[in-house]
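# Build the 3D model from these lines:
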Amino acid sequence: KNKTKTTGLISFAVTILSIVISYFATNLYGIYGTILGINFYLITSGILLFYFGNNEFPIKIELQRLLIITVSGIILFVGLYILSSFSNLIFYSFSSILIITYLTSLYLSNFFNKNEKEIVRSLFSNWRTYLKLG
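Numbering: from 1, shown residues only. Reported below is the predicted structural model:
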């Protein structure tokens, strides 16, 4: 009861707040203010919708996996940021290698469960077929 109303109200409130933040932050900080407003919207709406959605349809939260993906994602971001200071040839070459290594290490480790690995294999197979690599 009122599930759609709750979701709509959260989305509406966060969107309005994000527009206000984006407006003032853009005037103060330019493009970085716009980025701040958009990220505020994405993070806040994601957290609130997850919280209220989890009250209606409880799911198990795997804190260890969330921590692993958060820390490794930050490390990947920092690595890409450091690479961005080099020439485009170095940046694009090594960033591609870095991202592929990151995804491969997650796949080969015990990060993904059996069903998730099967989905990744299926997606990769479809991708290879689409590009006619195999």
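# buried sites along the helix or strand hosting residue 16?
Element membership for residue 16 (DSSP states H and E) is helix 3-29. Residues 6, 7, 10, 14, 18, 21, 22, 25, 26 are the ones in helix 3-29 that count as buried (16 or more other C-beta atoms under 10 Å). Where you see a C-beta, it was placed from the backbone N, CA and C, and this is true even at glycine.
# helices or strands next to it in the packing?
Contact here means 3 or more C-beta pairs under 8 Å, 6 or more residues apart in numbering; DSSP states H and E; on that basis helix 3-29 packs against helix 31-56.
# hmm, back to that, output the buried residues of helix 3-29 as JSON lines; include the columns distance to residue 107 and pLDDT.
Formatted as JSON lines, the buried residues of helix 3-29 follow (distance: C-beta to C-beta, whole Å; pLDDT from 0 to 100):
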{"residue": "6", "distance to residue 107": "37", "pLDDT": "82"}
{"residue": "7", "distance to residue 107": "33", "pLDDT": "84"}
{"residue": "10", "distance to residue 107": "34", "pLDDT": "87"}
{"residue": "14", "distance to residue 107": "34", "pLDDT": "91"}
{"residue": "18", "distance to residue 107": "35", "pLDDT": "90"}
{"residue": "21", "distance to residue 107": "38", "pLDDT": "92"}
{"residue": "22", "distance to residue 107": "37", "pLDDT": "91"}
{"residue": "25", "distance to residue 107": "38", "pLDDT": "92"}
{"residue": "26", "distance to residue 107": "40", "pLDDT": "92"}
